[in-house]
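Chemist: need the 3D shape of this:
(chains A and B)
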Protein chains: 2
Amino acid sequence: MNIGIVGLGLIGGSLGLDILALQQDNYVWGLSRNPATCKQAVKIKAVNIASTDIVEIPDRDRTDIIVICTPIAAILPTIASLAPQLPSNVIFTDVGSVKAAIVEPASKICERFVGSHPMAGTAFQGILAAERNLFKNRPCVITPSTDVEAVEKVRSLWQSVGMNIYECSPEEHDRAVASISHLPVMISASLIDACQQQEDKSVLKLAQNLASSGFRDTSRVGGGNPELGRLMAEYNQSALLRSLYTYQQSLQEVINLIENKQWKELVALFANTQRDRIFYVD
Amino acid sequence: MNIGIVGLGLIGGSLGLDILALQQDNYVWGLSRNPATCKQAVKIKAVNIASTDIVEIPDRDRTDIIVICTPIAAILPTIASLAPQLPSNVIFTDVGSVKAAIVEPASKICERFVGSHPMAGTAFQGILAAERNLFKNRPCVITPSTDVEAVEKVRSLWQSVGMNIYECSPEEHDRAVASISHLPVMISASLIDACQQQEDKSVLKLAQNLASSGFRDTSRVGGGNPELGRLMAEYNQSALLRSLYTYQQSLQEVINLIENKQWKELVALFANTQRDRIFYVD
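Modeler: Numbers count the residues shown, from 1 in each chain, chains lettered A, B, ... in the order given. The predicted structure is shown next:
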């Protein structure tokens, strides 16, 4: 297989490392806006060759699959700029964490597009953070297409690096990740914001000193990259708002039980959440 | 020092282990409702002697400090039953995670009471979970008293096992822990509850399969012991409700920004939470 990786960051770099480490006859080329990134990607064997410009990739016309590993906002512009420079039988896929906002327009600007969302990562970014086996045993969503061969090739690609594949519509994907990935960021950030609203400065200082593992874990994703939080909200707005409204109702129910001292009902609710969490967390 | 530990679970057992391991002339006796727990506590050297009945503790009249390590609901009844059987100069302290509901009534039923809240723990309970150095470098709140000697002895006790002491009023303590300890449990449980409200069963199943570290961390304390969640709400009701109302406002602000597509303001909010989290988390 001839595979192009566009965007040589944590995801693109790690994907290249794993593909080239497979005992297969793969050829991987990479594109990055940054020449230093291209050099580093070649050096660590994440790609066979890399450039800032696709015209400098000698075997580009024999490409089977191109994986767009850029930030969300750059996915559609990148496909729009690359597709006219490549044969129409090249399959495009992406790694964006939202799918409805990508899949439909992408399918209009390139003939063979299959949406992907490999759910893997670390706290770090960039080619220097790239690592082997990042994708192993992690879930990957791919979206359906009438182009059965394209879907199978994209499925095989992610399976080859150890991912568990889930095929579903862009809308189903977006609703699922809204609830288990994007909603946690919003409620976690709101926690930090609420704690900071404490007007009594001695209580605020005390809270900061007493905070321990419960606060640390619950606030982790709310203290992450601000730009990532914004992208989730912007590109998955309607599914996220739906999750947030449902969440407001669940929170109100907890508040009502506490206000009304319905301790038996509150214990029952916590017993349910204790039981149900196991379905999400191994 | 002659120290009594009442309730030989994770906290009481770990405290005894550390005190007896100090190169000091300490004598530690224990009380537990369970004879097997008493036996185990002696065996692991968490106490010199233990019984289910205080009349069987030979040196009880020479006790300096009694540490009540029972669950919250048993603290006041335990003090009320023990105080009349001991000299009036014995100092009592507790380890309850709420203070206003304990300190005032406890001070009425025993002459020398100082409230404590050693903030340490693991995911486990009981004497079998007791471990050395559980308290090391962890924060411990103690509440003020006009009995300066009693406060100093309680402070020394917790310092001797490595804790960092914060002295504050019961109300300040309760407001601080409401925000950084009890509120996270409520919002985390609400997250699990909200995700389970998903009516489309294929999306629910997908969400469960895709959930990863973000969901795992944010939902952790909401999937904990239901009875502990209830105790926080019951014994710290007013401070917790105050935190919950503030939280609802913070959440509504996030929702408003997303509804109105105020992305710049949303990034600014996330930048603040990213910066502010550092004050709570080392």
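Chemist: rest of the way, CA atoms for contacts and neighbours
Modeler: Fine.
Chemist: what about the most centrally placed residue in chain A, which helix or strand?
Modeler: By CA atoms, centre = their mean, chain A has its centre lying nearest to A:Ser97, at 3.7 Å. Of the helices and strands defined by DSSP states H and E, none includes A:Ser97.
Chemist: in three-state terms, how would the residue nearest to it when sequence neighbours are not counted be classified?
Modeler: Distance criterion CA to CA, 6 or more residues apart in numbering or on different chains; nearest residue to A:Ser97, sequence neighbours excluded, is A:His117 at 5.7 Å. For A:His117, the assignment made with DSSP: H, G, I helix; E, B strand; the rest coil gives strand.
Chemist: give me the low-pLDDT residue ranges for the stretch 101-250 of chain A?
Modeler: Filtered on pLDDT under 70, the stretch 101-250 of chain A yields no residues whatsoever.
Chemist: again, 80 this time
Modeler: Low-confidence segments of the stretch 101-250 of chain A, defined by pLDDT under 80, are located at A:123.
Chemist: tell me the helices in it, going along the chain?
Modeler: Assignment of helices within the stretch 101-250 of chain A using DSSP state H, counting those that start in this stretch yields the ranges A:148-160, A:170-177, A:183-196, A:201-210, A:213-219, A:226-235, A:237-259.
Chemist: buried deepest among those helices, which one?
Modeler: The highest average neighbour count among the helices of the stretch 101-250 of chain A, using mean count of other CA atoms under 10 Å in any protein chain shown, belongs to helix A:183-196 at a mean of 27.
Chemist: now that helix against helix B:237-259, angle please.
Modeler: Relative orientation of helix A:183-196 versus helix B:237-259 (axes from the mean of the first three to the mean of the last three CA atoms, to 10 degrees): 130 degrees.
Chemist: what separates helix A:183-196 from the chain centre, distance-wise?
Modeler: Between the centre of helix A:183-196 and the centre of its chain there are 20 Å (CA atoms, centre = their mean, to the nearest Å).
Chemist: ok, residues contacting it?
Modeler: Applying CA atoms under 8 Å, 6 or more residues apart in numbering or on different chains, the contact partners of helix A:183-196 are A:204, A:218-223, A:229, A:240, A:243-244, B:179-180, B:184, B:187, B:191, B:214-215, B:218, B:243, B:246-247, B:249-251, B:254, B:270, B:272-273, B:276-277.
Chemist: pull the contacting residues for the closest residue to A:Gly16 other than its chain neighbours.
Modeler: With CA to CA, 6+ apart as the measure, A:Ala46 is the residue that lies nearest to A:Gly16, at 4.3 Å, once sequence neighbours are left out. Counting by CA under 8 Å, 6+ apart, A:Ala46 touches A:13-18, A:20, A:28.
Chemist: before we move on, the earlier item: what about the residue nearest to A:Ser97, how many neighbours?
Modeler: Residues contacting A:His117 under the criterion other CA atoms under 10 Å in any protein chain shown number 21.
Chemist: ok, back up a step: for the helices of the stretch 101-250 of chain A, give me JSON lines that also has distance to B:Val42.
Modeler: Shown next, in JSON lines, are those (distance: least, CA to CA, whole Å):
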{"stretch": "helix A:148-160", "distance to B:Val42": "55"}
{"stretch": "helix A:170-177", "distance to B:Val42": "51"}
{"stretch": "helix A:183-196", "distance to B:Val42": "43"}
{"stretch": "helix A:201-210", "distance to B:Val42": "32"}
{"stretch": "helix A:213-219", "distance to B:Val42": "31"}
{"stretch": "helix A:226-235", "distance to B:Val42": "53"}
{"stretch": "helix A:237-259", "distance to B:Val42": "41"}
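Chemist: show me the contacts of A:Ala46 that map onto strands.
Modeler: With strands defined by DSSP state E, the entries of the contacts of A:Ala46 inside them are A:Val28.
Chemist: now the stretch 1-150 of chain A against chain B: closest residue?
Modeler: As assessed by CA to the nearest CA, chain B sits closest to A:Pro139 within the stretch 1-150 of chain A, at 6.1 Å.
Chemist: which ones are touching A:Met119?
Modeler: Residues near A:Met119 by CA under 8 Å, 6+ apart: A:97, A:135, A:138-141, B:210.
Chemist: redo that, cut-off 6 Å
Modeler: Contacts for A:Met119 (CA atoms under 6 Å, 6 or more residues apart in numbering or on different chains) come out as A:139-140.
Chemist: so which of the contacts of A:Ala46 are in helices?
Modeler: If you go by DSSP state H, the contacts of A:Ala46 have A:13-18, A:20 in helices.
Chemist: just the buried subset of those, please.
Modeler: With neighbours counted by 16 or more other CA atoms under 10 Å in any protein chain shown, the ones in helices among the contacts of A:Ala46 contain buried members at A:13-18, A:20.
Chemist: near chain B, which residues of the stretch 151-282 of chain A show up?
Modeler: The stretch 151-282 of chain A has residues A:172, A:176, A:179-180, A:189-190, A:192, A:194-195, A:203, A:207-208, A:211, A:215, A:217-218, A:223-224, A:226, A:230, A:246-247, A:250-251, A:267, A:270-271, A:273-274, A:277, A:279-280 near chain B, with proximity defined as CA under 6 Å from any CA of the partner chain.
Chemist: picking that back up, which of the contacts of A:Ala46 sit farthest apart?
Modeler: Within the contacts of A:Ala46, A:Ser14 and A:Val28 form the most distant pair, 12.2 Å apart (CA to CA).
Chemist: which of the three states applies to A:Ala50?
Modeler: The three-state label given to A:Ala50 by three-state DSSP is strand.
Chemist: which residues touch it?
Modeler: Contact analysis of A:Ala50 by CA under 6 Å, 6+ apart lists A:29-31, A:38.
Chemist: before I go, just wanted to say thanks for your time.
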